[in-house]
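**Q** Need a 3D model of the following:
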Amino acid sequence: MSDEAGPRAGLTVTHRRYVPYSDAHYAGNLVDGAYVLKLFGDVATELCIRTDGDEGLLAAYSDVQFREPVRAGDVLEVGATLARAGRRSRELDFRATVVCRGRPDRAESAAEVLPEPIVAVTATGTVVVSADA
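**A** Here you go, the predicted model:
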């Protein structure tokens, strides 16, 4: 475990990821929701490693909300925050925001940093860590 007191609520792990055009599946270069859920799994894994020295197992999502589209060419900031720690379970709050967006309307490779990030997806999830951790 990362500290003697155990996992602490409020700990946040953040990743940034460019969304490649090869991951677009729909008109308008939209990316499916599963893409972001996979990224949530990645930040959950790092959070569990930091709190428990164990990768953990993502057991469930609840209250998943797809608020805004994610498109190829976006840069996503994806975070997991430890909301509650039980003996072996951890409740995490997830958030994916678009911080940069491709602008193919301007030029093929044009993009911009957004003045305000767009909250694209939020969720709550439960991970379970090994009893041996």
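**Q** measure the nearest residue to Val70 once chain neighbours are set aside to Asp132 for me?
**A** Nearest non-adjacent residue to Val70, counting by C-beta to C-beta, 6 or more residues apart in numbering: Val31, 4.6 Å away. In this view, the C-beta of every residue, glycine as well, is placed from N, C-alpha and C. Look at Val31 and Asp132: by C-beta to C-beta, to the nearest Å, they are 37 Å apart.
**Q** Between these two, which has more neighbouring residues?
**A** Val31 (22 against 7; other C-beta atoms under 10 Å).
**Q** quick one, what contacts that one?
**A** 19, 23-25, 70-72, 74 (C-beta atoms under 8 Å, 6 or more residues apart in numbering).
**Q** Give me the subset of those lying in strands.
**A** Secondary structure of the contacts of Val31 is defined by DSSP state E; no position falls in strands.
**Q** For these, work out which two are farthest apart.
**A** His25 and Asp74 (14.0 Å; C-beta to C-beta).
**Q** first vs last residue of stretch 82-92, how far apart are they?
**A** 5 Å (C-alpha to C-alpha, to the nearest Å).
**Q** That should have said stretch 16-23, apologies.
**A** From start residue to end residue, stretch 16-23 stretches across 16 Å - C-alpha to C-alpha.
**Q** quick one: that stretch to chain centroid distance?
**A** How far stretch 16-23 lies from its chain's middle: 13 Å, per C-alpha atoms, centre = their mean, to the nearest Å.
**Q** Next: stretch 66-73.
**A** Here the centre of stretch 66-73 is set off from its chain's centre by 13 Å, with C-alpha atoms, centre = their mean.
**Q** next one: stretch 55-65
**A** Using C-alpha atoms, centre = their mean, the offset of stretch 55-65 from its chain centre is 11 Å.
**Q** What lies in contact with it?
**A** Contacts of stretch 55-65 (C-beta under 8 Å, 6+ apart): 33, 37, 40-41, 44-45, 47-49, 89-90, 121-130.
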